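Q: sequence? don't have it. structure:
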């Protein structure tokens, strides 16, 4: 891990929602203590059980947050893209990492050590406030996933996942990010074969269609 050139860190930090309310001088303080790291595709960024020493921000690339069930099967808890961060929980309560984060493609990351982040939150209430809001949002998302696993069948879980991943484009919902059926299965607690069957049934029934290598959910805005 090496120190990040101040200019790059400043630009990245300014575009991270957590730090967007900081003034120039505060951003410069953070940029001077920030570090930079590159990881290759499939590399582990953090591992469950490791001690927590830093907050990570994705500059580029995508990563997945994973854990394993009692039988050792991988479960995908979340996907992360540029501007998103992870590793904040352990910095607050001092607990070890609660999940794995793996690079889904080559990633560039910015990191802040525990002391620097805590000083930032102490000096800037808006950062602490935003962090709390983001944690609440993630907790609500986790509650929805638990609800889906408990109450919805595989058809319902696939449908909810597609809606959650989609965005509105020209009156339709479109899933722009590519995701394999295997990864979908890991996200909703089902087999790849069952996900394939559900996707095929949804397409044959007209609930979804593929256009220009993107998945469209017509009639839902």
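A: Right, received. Where do you want to start? Just so we're clear, the structure is a prediction, and the values are computed from it rather than from any experiment. Numbering: from 1, shown residues only.
Q: what mean pLDDT does the one helix or strand residue 173 maps to have?
A: Taking DSSP states H and E as the criterion, residue 173 maps to strand 172-175. The average pLDDT for strand 172-175 rounds to 90.
Q: check stretch 106-122 too.
A: The average pLDDT for stretch 106-122 rounds to 89.
Q: likewise stretch 130-150?
A: Average pLDDT, stretch 130-150: 85.
Q: show me the contact partners of it.
A: For stretch 130-150, contacts defined as C-beta atoms under 8 Å, 6 or more residues apart in numbering pick out 17-18, 20-21, 78, 88-89, 121, 156-157, 160, 188-189. Every C-beta, even on glycine, is put in place using the N, C-alpha and C of the backbone.
Q: the strand holding residue 173 pairs with which strands, and in what direction?
A: Here strand 172-175 has these sheet partners by DSSP bridges: strand 167-169 (antiparallel), strand 214-217 (antiparallel).
Q: most tightly surrounded among these?
A: Among those, strand 214-217 has the highest mean neighbour count (mean count of other C-beta atoms under 10 Å), at a mean of 18.
Q: now that strand: how far from the chain's centre is it?
A: 21 Å (C-alpha atoms, centre = their mean, to the nearest Å).
Q: same deal with stretch 13-23?
A: Averaging C-alpha positions (C-alpha atoms, centre = their mean) puts stretch 13-23 18 Å from its chain's average.
Q: so for it, what gets flagged as buried?
A: Neighbour counts over stretch 13-23 (16 or more other C-beta atoms under 10 Å) mark 13, 16, 18-19, 22 as buried.
Q: how far away is the closest residue to residue 189 other than its chain neighbours from residue 72?
A: The shortest distance from residue 189 to any non-neighbouring residue, by C-beta to C-beta, 6 or more residues apart in numbering, is to residue 149 (5.5 Å). Distance of residue 149 to residue 72, computed by C-beta to C-beta, to the nearest Å: 19 Å.
Q: so for the two, which sits in the more crowded spot?
A: Just comparing residue 149 and residue 72: by other C-beta atoms under 10 Å the higher neighbour count belongs to residue 149, 12 against 6.
Q: make CSV from the strands paired with strand 172-175 and add distance to residue 93 and mean pLDDT to it.
A: Shown next, in CSV, are the strands paired with strand 172-175 (distance: least, C-beta to C-beta, whole Å; pLDDT from 0 to 100):
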stretch, distance to residue 93, mean pLDDT
strand 167-169, 34, 89
strand 214-217, 38, 91
